[in-house]
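In: Give me coordinates for this.
(one chain, ligands or ions: 1)
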Amino acid sequence: MERLIEGFRRFRRTYFEEHRARFERLAERRQHPRYAVVTCCDSRIDTTRIFDAIPGEIFLIRNIANLVPPYRPDERQHSTSAAIEYAVRILKVGQFVVLGHAGCGGIQALLDPPAQATDFVASWLEIAAPARQRVLARGDEIEPGQRQRTGELEVLRDSLDNALTFPWVAERVEDGSLLVDALYLDLEQGELLLYNRVKDAFDAV
Ligand SMILES: [Zn+2]
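Out: Modelled structure (predicted):
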């Protein structure tokens, strides 16, 4: 814990002190983020930093492989769906983003399931089974070096489609009060791609 506590002290001395008034304002009222971002748990994805955002701007939802499950209300607990509902129906964010990334361990496990059995990970990744099927069906058509990236982009397409299966997401998209987009981050290249629905392609931004 020492490293974390030391880091917090440094944060309090520097960033917190510099932005004290802002933190006080944030603490005084309820959060009112403009953006909801679903991204991967991957420790290398520092969402606030890559968008140069400030505390209070992004409602961040993280899970393995940045998956948006389809709308399936039932008796079970749905962490990601609950967070999406909170962001869209209660906080009323104006922009919903699914942020995928290169070198995703979750997508790798989806395409090449590891030998080790898991209690939760493999069944969570089943949300992306349709994307896996499409990648496998294309077989040799995909260059070996592009397989992982193809899987990551296919999963993003499905996450976007799944987001629209939530009726209150679809309603707000319909009335123009909510935008829904997908982004793909390649840290190695320092590149961000935006999904273009019309062209069904990811373009560098
Ligand atoms: Zn990942």
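In: Can you list the neighbours in contact with the longest helix belonging to the chain?
Out: In the chain, assigned by DSSP state H, the helix with the most residues is helix 147-163. Taking contacts as CB atoms under 8 Å, 6 or more residues apart in numbering, the residues outside helix 147-163 that touch it are 38, 65-71, 84, 96, 98, 100-104, 107-108, 110-111, 127-128, 130-132, 134-135, 138, 142, 169, 180-182, 184, 195, 200, 202. No exception for glycine: its C-beta is placed from N, CA and C like everyone else's.
In: can you check stretch 28-46 too?
Out: Stretch 28-46 is contacted by residues 47, 53, 56-68, 80, 83-84, 87-88, 91, 93-101, 104-106, 159, 185, 187 when judged by CB under 8 Å, 6+ apart.
In: Backbone torsions only: list them for A129.
Out: Backbone geometry at A129, expressed as degrees, to the nearest 10, gives phi -60, psi -40.
In: how many neighbours does it have?
Out: A129 has 11 neighbours, counted by other CB atoms under 10 Å.
In: Following element in sequence after the helix or strand R3 falls within, please.
Out: R3 belongs to helix 2-11 when assigned by DSSP states H and E. Using DSSP H and E, the helix or strand that follows helix 2-11 in sequence is helix 17-18.
In: near the ion, which residues of this structure?
Out: Taking CB under 5 Å from the ion as the measure of proximity, the chain contacts the ion at 40, 42, 104, 106.
In: possible to save those residues as TSV with distance to F8 and pLDDT?
Out: Below are the residues of the chain next to the ion laid out as TSV (distance: CB to CB, whole Å; pLDDT from 0 to 100):
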residue	distance to F8	pLDDT
C40	24	98
D42	22	97
C104	29	97
G106	29	96
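In: Which of those fall in strands?
Out: C40 (DSSP state E).
In: Quick check: the farthest pair among the residues of the chain next to the ion?
Out: Maximum pairwise distance in the residues of the chain next to the ion, criterion CB to CB, is 7.9 Å, between D42 and G106.
In: between the two, who's got more neighbours?
Out: Set D42 next to G106 and count neighbours by other CB under 10 Å: G106 wins out with 23 against 18.
In: residue contacts, that one?
Out: So G106 contacts 40, 42, 64-67, 121, 125 (CB under 8 Å, 6+ apart).
In: Least confident secondary structure element in the chain?
Out: helix 20-28 (a mean of 92; mean pLDDT, DSSP states H and E).
In: Please tell me how far V205 sits from the ion.
Out: Using CB to the ion, to the nearest Å, V205 is found at 20 Å from the ion.
In: Contact partners for that residue?
Out: Contacts for V205 (CB under 8 Å, 6+ apart) come out as 183, 192-194.
In: If we ignore the residues flanking it in sequence, what's nearest the residue most central in space within the chain?
Out: The residue lying closest to the centre of the chain (CA atoms, centre = their mean) is T39, at 1.9 Å. Using CB to CB, 6 or more residues apart in numbering and skipping residues adjacent in sequence, the residue nearest T39 is L99, 4.1 Å away.
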